[in-house]
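this one's sequence-less:
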């Protein structure tokens, strides 16, 4: 059995859930509040970051990109044409570059800031950093998001799926990150029609349903969040 | 032929050079000043980050961890007992966790700050952010380094090599990052004897020689930097 220590607003966690959804795997979800750095979480991952995947009480598989590789080696490799990875090393490198782009680079420049300021701080106690959102951090993240939207638009215009002709981890990583921002109403879809079309295709996939049905305590999603046609 | 766009103070670049050194591959090095964001560099990688590996005018392979995977698929997989990766998915996940730890997490918390403040700013023009080092950034990075040293010490004490019984990418990633900090005289080796012993073993490897022989313009390395017994 697979267990995932996750948070609904963690892009890497959503990415792993989408991968497992595409491969039709069931999973037990354990929601964590990483800022509390509880002892059991630190024992699994001294970085106290999410997600953490555990299979049958085996060793923890730490991080979105690392869990993605693990799931490719243990599941994807046997999926033939449904595999979410390519066969050729150079194509695999491009899928990995974009997966890292959305889960590491965009996370550090946009997603993590907005989630921290707008979501986590409401739940945090003062000694963990809770309190009013920092409006300059929000402004900086929104400015960075504009560049990431342009890049997403360029990818969606020049390719069928983000990394090339076929659906891959790159799309699931992008879908994971942008669905968080979309929940928070941060995405100006109308400025990038090709990106919007790509995201509509992503949202229509059965693997997306559990994410679209989930609600945060005290924060409603943007009106169009679960609409397949928006 | 392999070409690597790199900088001597980029941990990911050093990591790729060490991997290629271990596999006995020749490489053409092209030194970049990533802060200048020159057009040719942006065309290879819109993030303008290093390293970037190019094989026979093929597509760019972007980033240290992504290049490591590419080199495992195209070289390592044929190296039998000299392969720098494990066979079992869970062991591979642990190697990847630590490679990411040194090349992404420690880079963002320590290495990149110290290199920017102490090295890049000397070379940068004012409009790129050059000028006097920011002493509060240096202080924060040094405080973070203490935690990373303790973790390195713990890994070196509890395992033969950092990810387990055999030399792996985890050691090369750690060696890459710590050799940069060691050049700059930032590492208090005597506080972590097991880490020091591990680093001495790393430094003695032939793949390390080119790194130990390299000198930055205007910044001499710490006195013990190239000593194998320090």
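Nice, thanks for sending it over. Just so it is clear, the model here is predicted, and its values are computed rather than measured.

Now do the same contact list for residue A:50.
Counting by CB atoms under 8 Å, 6 or more residues apart in numbering or on different chains, residue A:50 touches A:5-7, A:10, A:12-13, A:32, A:34. Glycine gets a C-beta too; all of them are placed from N, C-alpha and C.

can we see that at 10 Å?
A:4-7, A:9-13, A:16, A:31-34, A:41, A:62-64 (CB atoms under 10 Å, 6 or more residues apart in numbering or on different chains).

Could you say which helix or strand holds it?
Element membership for residue A:50 (DSSP states H and E) is empty, with no helix or strand holding it.

Leaving out chain neighbours, which residue sits closest to it?
Spatial nearest neighbour of residue A:50, chain neighbours left out: residue A:10 (4.6 Å); criterion: CB to CB, 6 or more residues apart in numbering or on different chains.

Isn't the one you found up against residue A:35?
No: applying CB atoms under 10 Å as the test, residue A:10 and residue A:35 come out as separate, 11.8 Å apart.

gap between residue A:219 and chain B?
28 Å (CB to the nearest CB, to the nearest Å).

mind listing the strands for chain A?
A:2-6, A:28-31, A:52-55, A:61-62 (DSSP state E).

How about the contacts made by the nearest residue to residue A:226 once chain neighbours are set aside?
Among residues not flanking residue A:226 along the chain, residue A:212 sits closest, at 4.3 Å (CB to CB, 6+ apart). When contacts are counted by CB under 10 Å, 6+ apart, residue A:212 touches A:179, A:182-183, A:203, A:221, A:225-228.

ok, residue A:212 to residue A:230 distance?
11 Å (CB to CB, to the nearest Å).

Also residue A:68?
28 Å.

Which residue, neighbours along the chain excluded, lies closest to residue A:116?
Once flanking residues are discounted, residue A:116 sits nearest to residue A:137: 7.7 Å by CB to CB, 6+ apart.

next one: residue A:213
Using CB to CB, 6+ apart, the closest residue to residue A:213 is residue A:226 (7.1 Å).

who touches that neighbour in this structure?
Contacts for residue A:226 (CB under 10 Å, 6+ apart) come out as A:182-183, A:203, A:208-209, A:211-215.

Need the per-residue pLDDT for it.
Confidence at residue A:226, expressed as pLDDT, is 93.

one step back: just the contacts of residue A:212 now: which is nearest residue A:191?
residue A:182 (13.7 Å; CB to CB).

What is the lengthiest helix in chain A packed up against?
Among all segments of chain A classified by DSSP state H, the helix with the greatest residue count is helix A:135-158. Here helix A:135-158 touches helix A:106, helix A:112-115, helix A:169-183, helix A:193-203, going by 3 or more CB pairs under 10 Å, 6 or more residues apart in numbering or on different chains; DSSP states H and E.

separation between residue A:55 and residue A:78?
In terms of CB to CB, residue A:55 sits 15 Å off from residue A:78.

With neighbour numbers in mind, choose between those two.
residue A:55 (16 against 10; other CB atoms under 10 Å in any protein chain shown).

Quick check: the gap between that one and residue B:100.
To residue B:100, residue A:55 is 19 Å away according to CB to CB.

again, but for residue A:121
27 Å.

same thing with residue A:54?
18 Å.

More neighbours: those two, which one.
Set residue A:54 next to residue B:100 and count neighbours by other CB under 10 Å: residue B:100 wins out with 23 against 17.

got a list of what that one touches?
Neighbours of residue B:100 in contact, by CB under 10 Å, 6+ apart: A:47, A:62-63, A:65-66, A:100, A:104, B:64-65, B:106-107, B:170, B:173.

Tell me which of residue A:68 and residue A:230 has more neighbours.
Using other CB under 10 Å, the more surrounded residue of residue A:68 and residue A:230 is residue A:68, with 28 against 15.

Tell me the spatial nearest neighbour of that one, not counting adjacent residues.
Residue A:68's closest residue in space is residue A:169 (CB to CB, 6+ apart), at 5.6 Å.

now swap in residue A:203 and tell me
Per CB to CB, 6+ apart, closest to residue A:203 is residue A:228, 5.6 Å.

swap in residue A:132?
residue A:121 (7.4 Å).

How about the contacts made by that neighbour?
A:35, A:115, A:128-134.

one more time with 8 Å, if that's ok
Neighbours of residue A:121 in contact, by CB under 8 Å, 6+ apart: A:129-133.

about what we covered before: whichever of the contacts of residue A:226 end up buried, select them in PyMOL.
Selection of buried members from the contacts of residue A:226 for PyMOL, criterion 16 or more other CB atoms under 10 Å in any protein chain shown:
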select buried, chain A and resi 182+183+203+208+211+214
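
Can you convert the contacts of residue A:226 into a markdown table and add a column each for pLDDT?
Listed next are those as a markdown table, based on pLDDT from 0 to 100:
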| residue | pLDDT |
| --- | --- |
| A:182 | 98 |
| A:183 | 98 |
| A:203 | 96 |
| A:208 | 97 |
| A:209 | 96 |
| A:211 | 97 |
| A:212 | 97 |
| A:213 | 96 |
| A:214 | 96 |
| A:215 | 96 |
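
of the contacts of residue A:226, closest to chain B?
Chain B lies nearest to residue A:182 out of these, by CB to the nearest CB, at 22.8 Å.

Residue A:197 - how many residues pack around it?
Neighbours around residue A:197, by other CB under 10 Å: 13.

I'd guessed it sits against residue A:156; true?
Yes: using CB atoms under 8 Å, residue A:197 is in contact with residue A:156, at 6.8 Å.

average pLDDT for stretch A:121-137?
So the average pLDDT for stretch A:121-137 ends up being 92.

Tell me which residues of it come out buried.
Here stretch A:121-137 shows A:121, A:124, A:133 as buried, counting by 16+ other CB under 10 Å.

From those, which land in helices?
residue A:121.

residues from chain A in reach of chain B?
By CB under 8 Å from any CB of the partner chain, the residues of chain A that approach chain B are A:46-47, A:55, A:58-59, A:61-63, A:65-67, A:69-70, A:73-74, A:89-90, A:92-94, A:96-97, A:100-101, A:104-105, A:108, A:151.

what about 7 Å?
A:46-47, A:58-59, A:61-63, A:66, A:69-70, A:73-74, A:89-90, A:92-94, A:96-97, A:100, A:104-105, A:108, A:151 (CB under 7 Å from any CB of the partner chain).

which residues does residue A:129 contact?
Applying CB atoms under 7 Å, 6 or more residues apart in numbering or on different chains, we find residue A:129 in contact with residue A:35.

Please determine how far it is located from residue A:33.
12 Å.

ditto for residue A:40
Where residue A:33 is concerned, residue A:40 sits at a distance of 12 Å (CB to CB).

okay, those two: which has more neighbours?
Remark: of residue A:40 and residue A:33, residue A:33 carries more neighbours, 14 against 9, as counted by other CB under 10 Å.

So what's the predicted local confidence for the more buried one?
pLDDT, residue A:33: 95.

Find the nearest non-adjacent residue to it, please.
Closest to residue A:33 by CB to CB, 6+ apart is residue A:123, at 6.6 Å.

hmm, back to that, can you redo the contacts of residue A:121 as JSON lines with distance to residue A:164?
Shown next, in JSON lines, are those (distance: CB to CB, whole Å):
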{"residue": "A:129", "distance to residue A:164": "41"}
{"residue": "A:130", "distance to residue A:164": "43"}
{"residue": "A:131", "distance to residue A:164": "44"}
{"residue": "A:132", "distance to residue A:164": "44"}
{"residue": "A:133", "distance to residue A:164": "38"}
